[in-house]
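Colleague: Got a sequence here, can you build the structure:
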Amino acid sequence: MKICICIDDTDDLTKETSTGKIADLIATRLEELGGRLEQGITRHQLLLHEDIAYTSHNSSMCMMIDMGLTNRSLEEIQAAAEEILKANAARSADPGLCICQLDQLKDPEKLIAYGKRAQEEVLSKEEAYRLAEELGSVILQEYGGTGIGVIGALAGVGLRLSGCDGTFRGSKGSEYAGQSYSTAQWKTMMGIQQVVDFEGRTLEDMQQISVEKQLKLALLDFKKTLIAKKQDGQYIACRKKDLYLGDRRLSSWTTDCSSFQLDNDMGECCGDYENACYNCLFRRWTADGFQCVKKQEAGRQADGE
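Modeller: Numbers count the residues shown, from 1 in each chain. Okay, the predicted model is just below:
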């Protein structure tokens, strides 16, 4: 039995935990039950909009698990995931969990379309539940708060099933910083399935690619993919900063702000250990860039006075 699991909206601004960290715990637990994590955990970016309540990124975390011949029931898998989510989600969060048994899914294309809509439209919780019931073999459950995390959880499964969305959790390759290897060597060393450039062209196995500090892998064509950018006639492995649209809008947010606090989940940072707004615990991504939660709080207090 192969399943797809996605969680969303499990953290709060304290970041004592994060959706990514909870996803790691769920994956580890299911591996202990005999499952096999396929490729890795993927992060899927959803719509940034003022009518959507989210902590900082509005992204969900998804994984595919092959339970093989373990004879674990869907109910047992759900119970294991629920136990971890309930124990680790922030009290003020609005967690959602989606578990999809892939061989029983009635209309995967409809679920994929829903995931893509969640990147462009403000969707309702009621629609998410209606679709989950219609699709069959989809468990969709909320665990407190408003429960709006079910929207992102269901959407994340759809985006993962599309095979062409999201980045893999965690930055890799820091041990190779400053070094250059061929495409074929990168594939062998890091389990990468394909290497492409920003235009989507496949790079030949002999092509040399260097790493500056670390690299970020994406899910493209159902494959774990390294994307390389050409700079000064050489190919360099892309980092999170190169792939995240918000950061490409404003790339020089280095600051000596007294409120700066590094996000305690480095998987949520853009890869550089610098005092920059895109790495700050108090940044909240928006469609136009970011908002500073600290400045918003100060403004509200001033208005109240």
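
Colleague: can you count the residues close to A87?
Modeller: 10 (other Cβ atoms under 10 Å). (Glycine included, C-beta is placed from N, CA and C.)

Colleague: Show me the shaky parts of the chain.
Modeller: In the predicted model of the chain, residues 11-15, 244-256, 258, 264-275, 277-278, 284-291, 295-296, 298-305 satisfy pLDDT under 70.

Colleague: any chance you could map the strands in it?
Modeller: 2-8, 36-45, 59-66, 96-101, 138-142, 167-168, 180-182, 194-197, 208-210, 217-220, 223-231, 234-237, 283-286, 289-292 (DSSP state E).

Colleague: Check which helices and strands the first one sits against.
Modeller: If contacts are counted by 3 or more Cβ pairs under 8 Å, 6 or more residues apart in numbering; DSSP states H and E, strand 2-8 sits against helix 19-32, strand 59-66, helix 74-88, strand 96-101, helix 149-162.

Colleague: The longest one vs strand 138-142, what angle?
Modeller: The reference is to helix 74-88. Orientation note: helix 74-88 sits at an angle of 20 degrees relative to strand 138-142 (axes from the mean of the first three to the mean of the last three Cα atoms, to 10 degrees).

Colleague: again, but for the last one
Modeller: Angle, helix 149-162 to strand 138-142, by the same axes, to 10 degrees: 150 degrees.

Colleague: Can you dump the C-alpha atoms of helix 149-162 in CSV for me?
Modeller: Output in CSV follows, covering the C-alpha atoms of helix 149-162 (Å, rounded to 0.1, in the frame of the first residue of the first chain):
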residue,chain,number,x,y,z
GLY,A,149,-5.0,23.5,7.9
VAL,A,150,-7.1,20.9,6.1
ILE,A,151,-7.2,23.1,3.0
GLY,A,152,-3.4,23.2,2.7
ALA,A,153,-3.1,19.5,3.7
LEU,A,154,-5.4,18.4,0.9
ALA,A,155,-3.8,20.8,-1.6
GLY,A,156,-0.3,19.6,-0.7
VAL,A,157,-1.3,16.0,-1.6
GLY,A,158,-2.6,17.2,-5.0
LEU,A,159,0.6,19.2,-5.7
ARG,A,160,2.8,16.2,-4.8
LEU,A,161,0.8,14.0,-7.1
SER,A,162,1.3,16.4,-9.9
